[in-house]
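Asker: pasting the structure only:
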């Protein structure tokens, strides 16, 4: 984890010189990032479940009917399996980040940072497996833009919960119904 913290400090220095979002936009993103991640988790589940079934169906068809070319097609499945593993790990980290993000804890932000690093690894693996420089470049640009927004809200997360969502706040004695 120490390496990740050093990497975080290094990347924060890269983004420090860029123009910053208005304070209101940073607060909005900070307060709403948890449900944005929740929507991403739901959409990821809609991708993972069919991907697993297609991977297993395709693998079994190749194993059954394509014995002469199974080495070639089998090698094509390795990048797909690695991408699926990265997606599952990313999904698990995103699920774990939702509750701490809602409480404005640094742990939630750090989990999102690790998912960003996984995205970089995935983009690099895409370059080597598909040899598609356009996909590599667009993936890096997407990760850089996502990193910009992530580092814009970095200072709004702390080691202890500092803010409570208004709907989760407990009622005060003046708000409580009076007993007869």
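Answerer: Happy to help now that I have it. As the structure is a prediction and not an experimental result, all values here were calculated from the model. Numbering: from 1, shown residues only.

Asker: list the contacts of residue 54.
Answerer: Applying CB atoms under 8 Å, 6 or more residues apart in numbering to residue 54 gives no contacts. The way it works is simple: take the backbone N, C-alpha and C, and place the C-beta from them, glycine included.

Asker: which is the next helix or strand following the helix or strand containing residue 55?
Answerer: Assigned by DSSP states H and E, residue 55 belongs to helix 23-65. Toward the C-terminal end, the helix or strand that comes next after helix 23-65 (DSSP H and E) is helix 70-102.

Asker: so how far is residue 23 from the residue nearest to the spatial centre of the chain?
Answerer: The structure's the chain has its C-alpha centroid closest to residue 115; by CA atoms, centre = their mean the separation is 4.2 Å. To residue 23, residue 115 is 25 Å away according to CB to CB, to the nearest Å.

Asker: helix or strand right after the lowest-mean-pLDDT helix or strand in the chain?
Answerer: Across the helices and strands of the chain, mean confidence by mean pLDDT, DSSP states H and E is lowest for helix 70-102: a mean of 84. Next along the chain after helix 70-102, taking DSSP H and E as the criterion, comes helix 106-130.

Asker: so how far is the least confident helix or strand of the chain off the chain centroid?
Answerer: 11 Å (CA atoms, centre = their mean, to the nearest Å).

Asker: just checking, what packs against that helix?
Answerer: Judged by 3 or more CB pairs under 8 Å, 6 or more residues apart in numbering; DSSP states H and E, helix 70-102 is in contact with helix 23-65, helix 106-130.

Asker: now render these as a markdown table, adding mean pLDDT.
Answerer: Output for the helices and strands packed on helix 70-102, formatted as a markdown table (pLDDT from 0 to 100):
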| stretch | mean pLDDT |
| --- | --- |
| helix 23-65 | 87 |
| helix 106-130 | 92 |
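
Asker: looking at those, which is nearest to residue 6?
Answerer: Each of the helices and strands packed on helix 70-102 has some distance to residue 6 by CB to CB; the shortest is helix 106-130, at 12.2 Å.

Asker: quick one: contacts of the closest one?
Answerer: Helix 106-130 has contacts (CB under 8 Å, 6+ apart) with 4, 7-8, 33-34, 37, 78-79, 82-83, 86, 89-90, 93-94, 96-102, 132-133, 135-136, 139-140, 142-143, 146-147, 150, 153-154, 157-159.
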